[in-house]
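[1] Sequence first, then the predicted structure:
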Amino acid sequence: MGLRLGVDVGLKEFLTTNTGETFSVPNFYRKAQSNLARKQSKAAIKKIGSNNWKKAR
């Protein structure tokens, strides 16, 4: 039929193919995750609908 490819995306390994090949998590991805978490927690303490909340969002 055709070429079939299975891909699993996880936390320990960034990508695992159906052949068992694994790829580590890129550094820019980890940095973006921590940056997003920090910004989300700052936005969470703002009053919903306020100008500061809109800026943080």
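    That came in fine, so what should we check first?

[2] Determine the set of other helices and strands touching the helix ranked longest in the chain.
    Taking DSSP state H as the assignment, the helix of the chain that covers the most residues is helix 27-44. Here helix 27-44 is seen to pack against helix 51-56 when contacts are counted using 3 or more CB pairs under 8 Å, 6 or more residues apart in numbering; DSSP states H and E. Every C-beta, even on glycine, is put in place using the N, C-alpha and C of the backbone.

[3] Show residues contacting the helix it packs on.
    The list of residues contacting helix 51-56 from outside it, by CB atoms under 8 Å, 6 or more residues apart in numbering, reads 39, 42-43, 46-47.

[4] re earlier: which residues does the longest helix of the chain contact?
    Here helix 27-44 makes contact (CB under 8 Å, 6+ apart) with 14, 53, 56-57.

[5] farthest-separated two in those residues?
    Maximum pairwise distance among the contacts of helix 27-44 (CB to CB): 32.6 Å, between F14 and W53.

[6] ok, T22 - contacts?
    For T22, the contacting residues are 13, 15-16, taking CB under 8 Å, 6+ apart as the criterion.

[7] Quick one: buried ones out of those?
    Buried residues within the contacts of T22, defined by neighbour count using 16 or more other CB atoms under 10 Å: T16.

[8] Would you format the contacts of T22 as CSV with pLDDT, secondary structure and distance to N27 included?
    Supplementary listing: the contacts of T22 in CSV, determined by pLDDT from 0 to 100; DSSP: H, G, I helix; E, B strand; the rest coil; distance: CB to CB, whole Å:
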residue, pLDDT, secondary structure, distance to N27
E13, 72, coil, 15
L15, 75, strand, 15
T16, 75, strand, 19
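
[9] low-scoring stretches of this structure, by residue?
    Segments of the chain classed as low confidence (criterion: pLDDT under 70) are 1-12.

[10] in this structure, which residue is closest to the centre?
    Centrality entry for the chain: nearest residue to the mean C-alpha point is Q33, 5.3 Å, by CA atoms, centre = their mean.

[11] quick one: that residue from Q40, how far?
    In this structure, Q33 and Q40 are 11 Å apart, going by CB to CB, to the nearest Å.

[12] swap in R30?
    Separation of R30 from Q40 (CB to CB) stands at 16 Å.
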